[in-house]
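1. no FASTA, just this:
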């Protein structure tokens, strides 16, 4: 893992507990994301647009961090760190591209679900009885 202020703090507070350090390293940004997206807009009700942009731009990253946090309970931390070092950037980039595509099709069409709604309507909606 990279040496950042957060990793140094976690190593100081929780020495010789690599699993706890790893999980806290991935859950703390999610907690900050939730505070920045849902708690702060209620406190500062005048600037909802900025918090909405924060929610929108950081959503794929928060989903990625939460997925890594949940998978850390199933897979050994060493294997997960190796996988993240190889494919983490690619997964993040792909998630942001897919999210941008989803948001652009949602805003660019009249249906609110965009690509996902069209996919659901084509696959499932055609099989439902009228």
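-> Sure, I can see it. All values derive from a computational prediction rather than experimental measurement. Numbers count the residues shown, from 1 in each chain.
2. return the set of buried residues in stretch 19-33.
-> 21, 22, 23, 24, 25, 26, 29, 30, 33 (16 or more other Cβ atoms under 10 Å). All C-beta spots, glycine's among them, are computed from the backbone N, C-alpha and C.
3. tell me the mean pLDDT over that stretch?
-> Mean per-residue pLDDT for stretch 19-33: 89.
4. which residues touch it?
-> 1, 6-7, 10-11, 14, 58, 61-62, 65-66, 68-69, 72, 77, 80-81 (Cβ atoms under 8 Å, 6 or more residues apart in numbering).
5. at 10 Å instead, please
-> 1, 4, 6-7, 9-11, 13-15, 17, 54-55, 58-59, 61-73, 76-78, 80-81, 84 (Cβ atoms under 10 Å, 6 or more residues apart in numbering).
6. longest helix in this structure, by number of residues?
-> Counting residues, the longest helix found in the chain (DSSP state H) is helix 77-108.
7. which elements pack onto that one?
-> helix 18-34, helix 48-71, helix 114-120 (3 or more Cβ pairs under 10 Å, 6 or more residues apart in numbering; DSSP states H and E).
8. next SSE downstream of the first one?
-> What it means is helix 18-34. helix 40-43 (DSSP states H and E).
9. average model confidence for that following helix?
-> 77.
10. what do you get for stretch 61-74?
-> 93.
11. so which bits of that stretch are buried?
-> 61, 62, 64, 65, 68, 69, 72.
12. report the distance from the longest helix of the chain to the chain centre.
-> 9 Å (Cα atoms, centre = their mean, to the nearest Å).
13. biggest separation within the buried residues of stretch 61-74, which pair?
-> Farthest apart among these by Cβ to Cβ are 61 and 72. That separation is 16.6 Å.
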